[in-house]
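A.B. asks: any chance you can model this:
(one chain, ligands or ions: 1)
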Amino acid sequence: MNFLYKQIIRRVLFLFNPEFIHDAMISGAIFFQRFDFICSFIGFICKTKSEPIEIKGIKFPNRVGLAAGFDKDCSAAKIISKVGFGFLELGTVTLRPQLGNPKPRLFRLPEEQAIINRMGFNNIGAIAAAKNLERMGRLDIPIGINIGKNADCPLEDAPENYLQALKILYPYGDYFTLNISSPNTKDLRTLHEGEKFKNLIGPILNFVNSKPARKPVFIKISPDIEISDLENISKAAIEMDFGLIATNTTIKRDLLKIEYANMEGGLSGAPLLNSSNEILKKTVALIGGKIPIMASGGIVNCEAAAEKLELGADLLQVYTGLIYEGPFFVKDILKYMSVKR
Ligand SMILES: Cc1cc2nc3c(=O)[nH]c(=O)nc-3n(C[C@H](O)[C@H](O)[C@H](O)COP(=O)(O)O)c2cc1C
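C.D. replies: You can find the predicted model right below:
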């Protein structure tokens, strides 16, 4: 199957514009997920032995999840959940719908096994996303919902913008992620900083704590984070009880060919692995096992997935690896992990 994907399907897909292919895949997924027998068939061929794990009261059938940004509108999760994932992180969803940045905004770097994107949170908004989730009903695997800030919302109003989106989406997620690390929304990443971070996380946790069913909150951090910010956020995570996702995409271009050096956006895939792992290592050391950590960034082969678990991640998230390795990548990782044990 992998041979078929890499030798034929991927070659054909890569002849077309990346965003066109992505949108076509999502439209196809929405169409086909209406047929239960198709979902069951995909579930059957992607099934493999895996080890369930419970984290913060959530039962994950395995540790490998889909990273945010693939199903931004929460519209195709039913069929994607059949590919073998242990969980899906949907979104980024913003309070109000928005178009995102001008196109082109998604670029493949095949010789680097990487992607640069500057999508800018194109999504249908929290109310429409909630309707999609309502229609879809409960899935067999846990759902995380990733929330971001509207581009036209001033930074000082960000806490309210996130909170309103969370309130709308709260019934539908098993956990929630605050995305403060996308490089494609102006100044978003300054929300990592001291007071700004406190002003954001405080009201979110007050809301979550007021609920009879307290659902876990995660903060998705940048691989370009200042170490002092990482220390502060890790300390707050232990004190206030929220998890961390290390990491989002990077704006650094150190290891890339010169032709990509000036391309604006977030870099993901193989060239992100080392810097993402550096932050993961530091986070694990600061957290000392007290709160859960998800690892994202550069998992484009099974070895990279295993490395992140060895570094101390509790759960993994993949995105770019799926584009290069195909839909059976999740199954490959799970098989590799079960053999390694
Ligand atoms: C096209 C694309 C869109 C993305 N959109 C989002 C997003 O909306 N929200 C988010 O938190 N991360 C987003 N990401 C980042 C991924 O979730 C992931 O953290 C990052 O790509 C690193 O993992 P990878 O190397 O496995 O791709 C996006 C990544 C890509 C490639």
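A.B. asks: Ala295 contacts Leu311, doesn't it?
C.D. replies: Yes. Using CB atoms under 8 Å, Ala295 makes contact with Leu311 at a distance of 7.3 Å. All C-beta atoms are positioned from the backbone trio N, CA, C, and that covers glycine.
A.B. asks: looking at those two now, which is surrounded by more residues?
C.D. replies: Each of Ala295 and Leu311 has its neighbours counted (other CB atoms under 10 Å); Ala295 has more, 30 against 17.
A.B. asks: rewinding a little: overlap of the contact sets of Ala295 and Leu311?
C.D. replies: Common neighbours of Ala295 and Leu311, counting by CB atoms under 8 Å, 6 or more residues apart in numbering, are Leu280.
A.B. asks: Asp23: how many residues sit nearby?
C.D. replies: Neighbourhood size, Asp23 [other CB under 10 Å]: 11.
A.B. asks: now swap in Phe14 and tell me
C.D. replies: Counted with other CB under 10 Å, the neighbours of Phe14 add up to 13.
A.B. asks: repeat that for Lys290.
C.D. replies: Residues within reach of Lys290, counting by other CB under 10 Å, total 11.
A.B. asks: quick one: it and the ligand, what's the gap?
C.D. replies: Taking CB to the nearest ligand atom, to the nearest Å as the criterion, Lys290 is separated from the ligand by 23 Å.
A.B. asks: can the host helix or strand of Ser338 be said to contact the ligand?
C.D. replies: Secondary-structure assignment from DSSP states H and E places Ser338 in helix 329-340. No. Under the criterion of CB under 6 Å from any ligand atom, helix 329-340 makes no contact with the ligand; the nearest approach is 10.1 Å.
A.B. asks: quick one: name the residues of the stretch 51-200 of the chain near the ligand.
C.D. replies: When proximity is defined by CB under 6 Å from any ligand atom, the stretch 51-200 of the chain lies next to the ligand at 67-69, 72, 92, 106, 115, 117, 119, 121, 146, 179, 182.
A.B. asks: can you name the residue of the stretch 101-250 of the chain nearest to the ligand?
C.D. replies: When distances are taken as CB to the nearest ligand atom, the stretch 101-250 of the chain reaches nearest to the ligand at Asn117, 3.7 Å away.
A.B. asks: hang on, that residue packs against Gly269?
C.D. replies: No. In this structure, Asn117 sits apart from Gly269 without contact. The criterion is CB under 8 Å, and the distance is 10.5 Å.
A.B. asks: OK, contacts around whatever residue of the chain ends up closest to the ligand?
C.D. replies: Of the residues in the chain, the one nearest the ligand is Gly69, at a distance of 2.1 Å by CB to the nearest ligand atom. Contacts for Gly69 (CB under 8 Å, 6+ apart) come out as Gly91, Thr92, Asn117, Met119, Asn146, Tyr319.
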